[in-house]
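# Dropping a prediction and its sequence here:
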Amino acid sequence: MEREPLIIALNFTERDKALYTVDMLRPFVKRFKIGLPLFVKYGYSIIKDIQKYDTNIFLDLKLHDIPSVVSQTIENINDLDIEFLTIHLQGGKDLAKAAMKSTSTIKLLGVTILTSIKESEFKSIYGISLNESVIKLASVAAYTGLYGVVCSGLESQEIKKHFPKLKTIVPGIRLKDNKDDQNRVLSPCDALKRKADFLVVGRDITHYENITERIKLYLEEIKQCGYI
């Protein structure tokens, strides 16, 4: 179990807001997630700006294309000195294998099913249970040697049962009944009890007026669960 499980998602489109948030929260956490909106707007420069604060970067691009395109993309990212990068497991084993061959330094994470998708919606599209699909997708990550998977905390324990070596990175974490656009959500303690290795939190910390007091509440709950 990683002793610093909290990852802060920088859900902004403005550089100043992102850097202010990193500046305020870096005394408490070291990992920050950059998603598509921030990366598309500022590119490599936003990564380098945030790294100046002595941070670990989780670049959440959810790469999903033919294997050669994913491979070329990762080769161009290798020099950025990031910790995590996401690919979509729905791209299959060939995509995952190509991604693994393209880097020796980045820890690759496979996205299973987005936590914004409801079970009922998933069944209406694919005709099978969401949980069954998550396990099958996690098997792709385990087979190809990925570092871990991005999944709901509701599925983390089941994934660990089948694939104990896979790290589970869990978004959709909330202290209160504040789902935003997530549907499969858990509290920090509940997610950790279900074997989550990392907890990704964005707006439930970053969009509060006093973000330092808010993150202290998260860290206190995590501490009470015995994980830091």
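Received the coordinates, thanks. On a predicted model such as this, the values are computed, not experimentally measured, just so you know.
# how far does stretch 10-20 stretch from start to finish?
Using C-alpha to C-alpha, to the nearest Å, the end-to-end distance of stretch 10-20 comes out at 10 Å.
# Mind listing what's buried along it?
10, 11, 12, 18, 19 (16 or more other C-beta atoms under 10 Å). C-betas here are computed from N, CA, C, even on glycine.
# What about these, which are in helices?
18, 19 (DSSP state H).
# Residues contacting the worst-scoring helix or strand of the chain on mean pLDDT, please?
Least confident element among the helices and strands of the chain, by mean pLDDT, DSSP states H and E: helix 119-126 (a mean of 85). Contacts to helix 119-126, defined as C-beta atoms under 8 Å, 6 or more residues apart in numbering, come from residues 113, 129, 130, 133.
# out of those residues, which are inside strands?
Using DSSP state E, no member of those falls in strands.
# So what's the residue count around residue 204?
22 (other C-beta atoms under 10 Å).
# so where does it fall, helix or strand?
helix 203-206 (DSSP states H and E).
# Report the beta-bridge partners for the residue nearest to residue 171 when sequence neighbours are not counted.
Of all residues not flanking residue 171 in the chain, residue 200 sits nearest, at 4.1 Å (C-beta to C-beta, 6 or more residues apart in numbering). When bridges are called by DSSP bridges, residue 200 pairs up with residue 7.
# was I right about residue 200 contacting residue 169?
Yes - with contacts counted by C-beta atoms under 8 Å, residue 200 reaches residue 169, the gap being 6.4 Å.
# Which neighbours do the two have in common?
Common contacts of residue 200 and residue 169 (C-beta under 8 Å, 6+ apart): residue 7.
# more neighbours, the two?
Set residue 200 next to residue 169 and count neighbours by other C-beta under 10 Å: residue 169 wins out with 27 against 22.
# For the strand or helix carrying that one, enumerate the helices and strands it packs against.
Assigned by DSSP H and E, residue 169 belongs to strand 167-170. Counting contacts by 3 or more C-beta pairs under 8 Å, 6 or more residues apart in numbering; DSSP states H and E, strand 167-170 packs against strand 148-150, helix 153-162, strand 198-201.
# List of residues touching it?
Under C-beta under 8 Å, 6+ apart, the answer for strand 167-170 is 2, 7, 84, 109, 147-153, 156, 159-160, 186, 191, 195-200.
# And stretch 128-137, by the same measure?
89-90, 110, 112-113, 117, 119, 122-123, 126, 149, 151-152, 154-155, 158-159, 162.
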